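Asker: Everything below, folded, please.
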Amino acid sequence: MSYLEDRHIVESRTCGGCGVEEESMEHALVYCPFVQKAWFVSPVALCTSVFPNLSLTEWILKWKGPIGSKVEMQICFASHALMAWEIWKFRNSCCFDISSPPPPFMTWIAKVNSYVREVVDLLSGSLPSLVLKQVIAVLPLAHSQNCMAIFSDAALSSVPKALGLGCATFDLSLRPCFIASAHHALAPPLVGEALAIRLALSLPRCASYSRVMVFSDCLTLTNSLSSPSSPQAPIVSIVHNIMSLKALFSLCSFSYISRSCNGSAHAVAKWTLSYPAEGFWIPPLPGELGRIVLACSPFYAE
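Answerer: Purely as a prediction, here's the structure:
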């Protein structure tokens, strides 16, 4: 920004987004409040305030995500890089394109989310926006009545040490049914994912549905629930609880989906880390949380 100011291209070094901080590469792409909100409601559901002092280079190194397969790390990096590029383009249009006002935030982020998911779909070979529609297509007509899809996830925080649980539910018309969250003591990721599913199935609201389809981005857990005879040691008791809850429904299935399909539940889980309390909401969803859930839903842009 100092380069542009020295050449009289811009009049001030102050960020054009927040109008408070001096703009730097890190502020423009990571730490501006507007940008932080965009990252959080994006498909990657990144909470940049967790690491407040990282350089842009350190952030880029984090974009490859946790250790996984080469393809998974490539997809993770690509989704973060695409979001950074879209943020950069939006910032430049705000600063230099005075001929037309920028679009409202929710309009812009919905378009960006749809684009990022489309590219990730091409890389991963999956179609998250069609996940539920594909399930509906193969369900017998009788089973599609009074049926609900549950997306669950858990998020971990090291400071403070805690676990956020989140679930987002949709009916087969792709409308939100309810969302729920809970705060839990820090536990291994597998335990957190299992607790999130138990939370969803134990909610009284679920009792009004006779058929539920549960989706999780934890393959180990969905495999354990599909073959519960020998679950891993840390989740034996939780799996037993989930199987007891499963018996209350005429249909209850457990399926694996990629993280890019699970944005709503992941966003709720991460939101819970910032607002540590149990919560339950039905539409219309309140304020910022409602916007986050809808913006992160794979069905939002349709």
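Asker: Helices of the chain, start to end?
Answerer: For the chain, the helices defined by DSSP state H cover 2-6, 25-26, 33-40, 56-62, 70-96, 105-124, 131-138, 189-202, 219-226, 236-246, 263-274, 287-296.
Asker: To Ser255, which of the ones you listed lies closest?
Answerer: With C-beta to C-beta as the measure, helix 219-226 is the member of those nearest Ser255 (6.2 Å). Every C-beta, even on glycine, is put in place using the N, C-alpha and C of the backbone.
Asker: Does Arg211 touch Ala149 like I think?
Answerer: No. Here Arg211 does not reach Ala149: they are 9.9 Å apart, not a contact under C-beta atoms under 8 Å.
Asker: And these two? Which one has more around it.
Answerer: Between Arg211 and Ala149, Ala149 has the larger neighbour count (other C-beta atoms under 10 Å), namely 23 against 19.
Asker: Run through the residues that contact Ser253.
Answerer: With contact taken as C-beta atoms under 8 Å, 6 or more residues apart in numbering, Ser253 is in contact with 212-214.
Asker: Mind putting these into TSV with pLDDT?
Answerer: Formatted as TSV, the entries for the contacts of Ser253 read as follows, by pLDDT from 0 to 100:
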residue	pLDDT
Val212	86
Met213	84
Val214	88
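Asker: now, among the residues you listed, which is nearest to Val41?
Answerer: When these are compared for distance to Val41 (C-beta to C-beta), Val214 wins out at 23.7 Å.
Asker: ok, the closest one - contacts?
Answerer: By C-beta under 8 Å, 6+ apart, Val214 lies in contact with 150, 152, 197, 200-201, 225, 252-255.
Asker: Scan the residues you listed and report the most crowded one.
Answerer: Within those, most neighbours by other C-beta under 10 Å means Ser152, with 32 neighbours.
Asker: burial of the nearest residue to it once chain neighbours are set aside, as a residue count?
Answerer: Taking C-beta to C-beta, 6 or more residues apart in numbering, and ignoring the residues beside it in sequence, Ser152 has Ala196 as its nearest neighbour in space, at 4.0 Å. Residue neighbour count, defined by other C-beta under 10 Å, stands at 31 for Ala196.
Asker: Quickly note the distance from Ala196 to Cys76.
Answerer: For Ala196, the distance to Cys76 (C-beta to C-beta, to the nearest Å) stands at 21 Å.
Asker: before we move on, the earlier item: of all the helices of the chain, which lies closest to Ala182?
Answerer: Taking C-beta to C-beta as the criterion, Ala182 comes closest to helix 189-202 out of the helices of the chain, the separation being 5.4 Å.
Asker: Tabulate the CA atom coordinates of that closest one in CSV.
Answerer: Presented in CSV, the C-alpha positions along helix 189-202 are these (Å, rounded to 0.1, in the frame of the first residue of the first chain):
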residue,chain,number,x,y,z
PRO,A,189,-11.2,-35.9,17.0
LEU,A,190,-12.8,-39.3,16.6
VAL,A,191,-14.6,-38.9,20.0
GLY,A,192,-15.7,-35.4,19.0
GLU,A,193,-17.2,-36.6,15.7
ALA,A,194,-19.1,-39.4,17.6
LEU,A,195,-20.4,-37.0,20.2
ALA,A,196,-21.7,-34.7,17.4
ILE,A,197,-23.8,-37.5,15.9
ARG,A,198,-25.1,-38.6,19.4
LEU,A,199,-26.1,-34.9,20.0
ALA,A,200,-28.1,-34.8,16.8
LEU,A,201,-29.9,-38.0,17.3
SER,A,202,-30.7,-37.3,20.9
